[in-house]
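pasting the sequence and the predicted coordinates here, then a few questions.
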Amino acid sequence: MSISGGDRARAPHGASHDGSRGASHDSSRGASHDAAAVRPVAAVVLVAVALAWLLLTVLDLRENDGMAPLLAMFGLPALASAIVIQLVITRMSERRHVPRPVLWWMLAVLPTGILAAFVAAIVRDPEYFIGDDGPWMLVWVPIFVVVGMLLGALLWFFFVFPLVNLGTAIGRIVRGEVSAGVVVMPLVLLAIGVLCVIGGLSVDTDGSGRASWGAIIASFFGIPGAYDVIWEPGLWIVRGIVAAIVLVFAVPALAGRLRPR
């Protein structure tokens, strides 16, 4: 069957129209996927910034030895960074593209929003931030916010990452896909993180660096040293965690050596 001249003229136009429509459909689908990736990151950042404003503009800045500014400076940036790292790792493990706005939210919106909250707090109580040291001390605020964001990597490794893996492992155990042994490593990582936090909060050392680590180890074994025990139950929790970790690895090793061949 032959095609008339008019049909020949219309055929390429129709094909190009279908191609452009397919390309626009692919681009719109890619944009929707990027938006789906950015939305949880934006939500985490906005919640962190909102909490920073709440801590610095509503709560008493001097209460509990300045806990509110410390949380806004270190805790919230670290927590937001840890959660975003997990979101990015999850997306990369699924071989999906990580859009650039994710970096914009983390590297621009998060620090800028928290620093803006600190500006409001300084206007609210300038004596607390400036005091006798002068305004040059304010230079440390953005540096500490950046340090808090970097600490998010440690928070992710010792808390967020093992918690996510633990939840995934429990789901796979329930479905009968793997054995219960897969929960060991997430639990060990989580236990080490809890050990560091509780141990640090339980002991007040007089030194720093190697001296502080020596005092912490001495407090763990109950040896007198240059430290003050702030929370005695915390030390026993740390001792229990260490004993559990040792047993988890020592018992199977000893059982393997004692098993008759």
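Happy to help now that I have it. Numbering: from 1, shown residues only.

tell me the secondary structure at the residue nearest to the spatial centre of the chain.
Centroid-nearest residue in the chain, with C-alpha atoms, centre = their mean: A82, separated by 1.2 Å. Under DSSP: H, G, I helix; E, B strand; the rest coil, A82 falls in the helix class.

where along the stretch 151-261 of the chain do the strands fall?
203-205, 227-229 (DSSP state E, counting those that start in this stretch).

compare those and give me the one nearest P142.
Nearest to P142 among these is strand 203-205; the distance by C-beta to C-beta comes to 28.7 Å. All C-beta spots, glycine's among them, are computed from the backbone N, C-alpha and C.

I143 is nearest to which of the strands of the stretch 151-261 of the chain?
Per C-beta to C-beta, nearest to I143 of the strands of the stretch 151-261 of the chain: strand 203-205, 24.3 Å.

rounded mean pLDDT for that closest one, please.
Mean per-residue pLDDT for strand 203-205: 75.

same thing with stretch 60-79?
Computed over stretch 60-79, the average pLDDT equals 88.

go through it and flag the buried ones.
For stretch 60-79, burial by neighbour count (16 or more other C-beta atoms under 10 Å) applies to 61, 68-69, 71-79.

what's the end-to-end length of that stretch?
One end of stretch 60-79 to the other measures 22 Å (C-alpha to C-alpha, to the nearest Å).

now find how far off-centre that stretch is within its chain.
On the basis of C-alpha atoms, centre = their mean, to the nearest Å, stretch 60-79 is displaced by 17 Å from the centre of the chain it belongs to.

give me the number of neighbouring residues for V238.
V238 is flanked by 24 other residues according to other C-beta atoms under 10 Å.

cool, P142 as well?
Neighbourhood size, P142 [other C-beta under 10 Å]: 15.

same check on C196?
Residues near C196, counting by other C-beta under 10 Å, number 15.

from the strands of the stretch 151-261 of the chain, pick the one with the highest average neighbour count.
Neighbour counts (mean count of other C-beta atoms under 10 Å) averaged over each of the strands of the stretch 151-261 of the chain peak at strand 203-205, with a mean of 18.

between the strands of the stretch 151-261 of the chain, which one is closest to E94.
Per C-beta to C-beta, nearest to E94 of those: strand 203-205, 42.4 Å.

would you turn the strands of the stretch 151-261 of the chain into TSV with distance to A243?
As requested, the strands of the stretch 151-261 of the chain are exported to TSV (distance: least, C-beta to C-beta, whole Å):
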stretch	distance to A243
strand 203-205	18
strand 227-229	19
